[in-house]
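Engineer: Fold the stuff below for me.
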Amino acid sequence: MKKIDLHKFFHRISFYVHNFGVYYMPKAWRRMRLERLMKSLTEEERKLVEDRTGYYARFSPESKVPQTYRECGEEMPSIVPLKDYRYPWHKKHKFSAYFLDLYRAVGAFEENYDMAYLFGDITQEYEFPFFVKTRPVRPTTNSVVMKLDSERHFQWVKDKRSFASKKPMAVSRNVVRRQPWRALLLEKYWNHPLCNFGMVNRDAYTEHPEWVKDFMTKDEQLGYKFIMTIEGHDVATNLKWVMSSNSIAVMPKPKYESWFMEGTLKPNYHYIEVKDDYSDLEEKLQYYIDHPQEAEAIVQHAHEYVRQFQNYRLELAIQYNVARRYFASCQRT
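Structural biologist: This next block holds a predicted model:
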């Protein structure tokens with residue numbers, strides 16, 4: 001019998017009910033509420049909003065929305081005026097959660113504004129400013145990160161177990177396809193006494209049937225002190241809920257970042273960093289098992305980091321401000 005993650009199920013229902021409510025809200029009323037929100041910010045909150053807006057929207061002042069798809073290379077973005085940004089009821093929409101997340105940020109702006117966006121797992125840079133969910137971690141970029149696919153990526157947990165009470169092991173359950181770095185983790189550690197690692201799909205690496213293990217719910221994984229958060233096609237989806245728990249995220253230095261600003265995370269302060277080839281994984285796990293006070297400090301630092309994303313009022317203000325900066329700077333010539 002397939003296990004059901006009830007927290008995930010109800011989170012998804014809540015997401016769609018709330019965001020379709022936003023979608024049908026009159027534009028003028030929504031604009032008024034957002035402007036009122038921006039005016040209500042304290043000086044400290046305003047600085048936080050501006051700082052994070054600057055992180056997400058670091059495009060060049062000369063950047064413009066591209067005139068045609070042909071200018072954008074092989075991966076085709078959607079380039080539309082806001083008046084044409086409507087939910088596609090007439091067909092199955094693969095990126096419905098992305099659509100609603102972006103609408104929450106841009107839906108209150110004038111309909112004659114143009115915007116460009118790319119949905120899905122984005123791992124490369126572009127010459128032009130697009131709204132994206134993810135981008136490579138680097139100091140200069142035209143990619144404008146927006147909080148997209150939030151119902152999947154931004155889930156938190158209420159972990160009632162203390163770090164001390166958990167099993168002194170690391171756990172990992174991933175889908176592994178065309179991701180040699182995930183396969184390498186299993187190759188090295190699937191049967192290690194400090195590790196409970198496995199993949200949950202049976203359609204890849206068939207020469208290693210022993211790697212396939214049963215799916216584990218979040219609650220089951222939270223019984224372990226350490227949880228591997230390994231990037232897939234882009235960012236590690238589980239990193240957010242792991243950092244909100246009393247377990248510790250273990251991973252190589254992030255190569256991609258999202259609204260969670262993975263590029264700002266400090267190794268061995270917010271998470272335990274291991275080498276890309278995992279050659280020091282056993283050493284790192286044993287160190288923090290033997291030094292529980294240092295491990296507990298990482299848990300607390302992770303909680304402090306996560307709190308900035310749990311204030312709905314400020315999250316909405318930042319999304320609105322990122323969109324406002326984009327529309328003020330990136331219109332077609």
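
Engineer: What secondary structure category should be reported for the nearest residue to Ser96 once chain neighbours are set aside?
Structural biologist: Closest residue to Ser96 apart from its sequence neighbours, by CB to CB, 6 or more residues apart in numbering: Tyr87 at 7.6 Å. Where C-beta positions appear, they are placed from N, C-alpha and C, glycine not excepted. Classification of Tyr87 by DSSP: H, G, I helix; E, B strand; the rest coil places it in coil.

Engineer: correct me, but Tyr87 touches Tyr24?
Structural biologist: No. Applying CB atoms under 8 Å as the test, Tyr87 and Tyr24 come out as separate, 9.9 Å apart.

Engineer: And the helix or strand hosting Glu187, how far out from the chain middle?
Structural biologist: Counting by DSSP states H and E, the element that carries Glu187 is helix 180-189. Distance, stretch centre to chain centre, for helix 180-189: 23 Å (CA atoms, centre = their mean, to the nearest Å).

Engineer: One more: stretch 141-158?
Structural biologist: 4 Å.

Engineer: what comes up buried for it?
Structural biologist: Across stretch 141-158, burial judged by 16 or more other CB atoms under 10 Å covers 141-151, 153-155, 157.

Engineer: Same question for stretch 254-267.
Structural biologist: Within stretch 254-267, the residues that qualify as buried are Pro254, Lys255, Tyr256, Glu257, Ser258, Trp259, Phe260, Met261, Glu262, Gly263, Leu265, counting by 16+ other CB under 10 Å.

Engineer: Stretch 118-126 too?
Structural biologist: Residues of stretch 118-126 classed as buried: Leu118, Phe119, Gly120, Ile122, Tyr126 (neighbour count, 16+ other CB under 10 Å).

Engineer: looking only at pLDDT, what's the mean for that stretch?
Structural biologist: The average pLDDT within stretch 118-126 is 84.

Engineer: and if you look at stretch 210-218?
Structural biologist: Throughout stretch 210-218, pLDDT has a mean value of 91.

Engineer: That one: end-to-end distance?
Structural biologist: This stretch, stretch 210-218, spans 22 Å end to end (CA to CA, to the nearest Å).

Engineer: residues of it that come out buried?
Structural biologist: Trp211, Val212, Met216, Lys218.

Engineer: Pull the distance from that stretch to the chain's centre.
Structural biologist: Chain-centre distance of stretch 210-218: 23 Å, with CA atoms, centre = their mean.

Engineer: Stretch 112-131 now?
Structural biologist: Worked out by CA atoms, centre = their mean, stretch 112-131 lies 16 Å from the chain centre.

Engineer: Can you measure across that stretch, start residue to end residue?
Structural biologist: End-to-end distance for stretch 112-131, by CA to CA: 17 Å.

Engineer: if we can go back for a sec, so which of the buried residues of stretch 210-218 belong to helices?
Structural biologist: Among the buried residues of stretch 210-218, the residues falling in helices (DSSP state H) are Lys218.
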